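> okay, structure incoming, though there's no sequence with it:
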């Protein structure tokens with residue numbers, strides 16, 4: 001299946017859950033004419049206990065049983081991916097299924113697939129990350145750490161106002177003048193060329209990027225806001241989230257400083273703090289995106 005050069009190309013994680021369906025809904029509002037690989041990663045034996053019992057009763061040898069379980073598991077995985085494709089196509093996307101077997105590390109594998117296919121981003125739903133509920137090793141966490149492409153995480157559920165903002169709300173970019181912030185700004189302009197960008201500097205003088213005039217013709221506004229506790233990553237994230245709410249932003253874009261999952265979650269980087277506490281979609285842009 002071919003795609004037009006201007007289309008956004010994305011890997012979409014889909015497992016049939018309400019969170020995954022909501023991610024497709026949000027994604028189609030943000031990128032109305034995208035090309036999507038609706039991706040389901042399945043882990044053998046996959047089949048339910050009742051199905052495994054039926055298959056065992058119908059086979060006489062262990063090897064036959066293993067083959068039967070994997071056959072049924074792959075069939076179910078393909079069915080789930082096909083359902084996701086139906087949803088995506090109904091919403092206007094050019095979508096196709098992508099089913100891969102995995103033995104763990106789904107977050108890492110999503111990132112690898114994005115690199116292999118040359119996708120512009122990875123889209124995943126969140127199962128309610130927030131505060132102490134954030135789980136080390138969750139798929140949405142791990143894909144943001146290891147994907148070489150930007151990752152858009154859609155929280156579930158979105159309120160009516162948050163859903164309405166997806167259609168034409170501005171895109172908020174966390175701005176501190178760093179290389180990572182520059183990567184985030186560039187990715188936001190490339191993925192949302194028609195949207196107003198709000199470059200938000202927290203607890204520091206707002207310095208304009210060199211290309212703030214934006215050759216693409218989009219509007220860029222640099223603003224400064226204060227947090228309640230200067231220097232704290234959660235406080236900076238809280239300020240970004242609060243400003244996004246006040247401006248009815250569609251997406252919050254943050255740069256990532258690296259790929260060390262344990263270090264970033266335990267130390268609470270701005271990117272991870274924003275991801276875990278935002279009730280709006282968050283786009284995490286890797287610091288080495290240019291590579």
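That came in fine, so what should we check first? It should be emphasised that the depicted structure is a prediction, and the values quoted were computed from it without experimental measurement.

> you'd agree residue 17 is up against residue 124?
No. The criterion here is Cβ atoms under 8 Å, and residue 17 misses it with residue 124 at 10.9 Å. (Each C-beta comes from the backbone N, C-alpha and C, glycine too.)

> those two: which is more packed in?
Higher neighbour count among residue 17 and residue 124: residue 124, with 30 against 14, using other Cβ atoms under 10 Å.

> so what sits opposite the more buried one in the bridge?
residue 153 (DSSP bridges).

> could I get the pLDDT score of it?
We have a pLDDT of 93 for residue 124.

> distance of it relative to residue 227?
Distance of residue 124 to residue 227, given as Cβ to Cβ, to the nearest Å: 28 Å.

> contact partners for the residue nearest to residue 156 when sequence neighbours are not counted?
Distances taken as Cβ to Cβ, 6 or more residues apart in numbering place residue 19 nearest to residue 156, at 4.3 Å, with adjacent residues excluded. Counting by Cβ atoms under 8 Å, 6 or more residues apart in numbering, residue 19 makes contact with 125, 126, 127, 154, 156.

> which two among these are spaced furthest apart?
Distance extremes for the contacts of residue 19: the farthest pair is 127 and 154 at 11.0 Å, using Cβ to Cβ.

> who has more neighbours, the two?
Using other Cβ under 10 Å as the criterion, residue 127 and residue 154 rank with residue 154 on top: 24 against 16.

> okay, now residue 10: neighbour count?
Counted with other Cβ under 10 Å, residues neighbouring residue 10 total 26.

> give me the element it is part of.
Under the criterion of DSSP states H and E, residue 10 resides in strand 9-13.

> list the buried ones in the helix or strand following that strand?
For strand 9-13, the succeeding helix or strand toward the C-terminus, using DSSP H and E, is helix 18-30. Across helix 18-30, burial judged by 16 or more other Cβ atoms under 10 Å covers 19, 20, 21, 22, 23, 24, 25, 26, 27, 28, 29, 30.

> now, among those residues, which is nearest to residue 141?
residue 19 (14.0 Å).

> confidence score at the closest one?
91.

> again, but for residue 285
93.

> what's the next secondary structure element after the helix or strand hosting residue 184?
Applying DSSP H and E as the criterion places residue 184 in helix 179-191. As assigned by DSSP H and E, the chain's next helix or strand after helix 179-191 is strand 197-202.

> buried sites along the very next helix or strand once past that next one?
Going down the chain from strand 197-202, the next helix or strand is strand 220-225, by DSSP H and E. Neighbour-count burial for strand 220-225, counted by 16+ other Cβ under 10 Å, picks out 220, 222.

> what's in contact with stretch 76-83?
Under Cβ under 8 Å, 6+ apart, the answer for stretch 76-83 is 14, 15, 16, 38, 39, 40, 42, 46, 47, 97, 98, 99.
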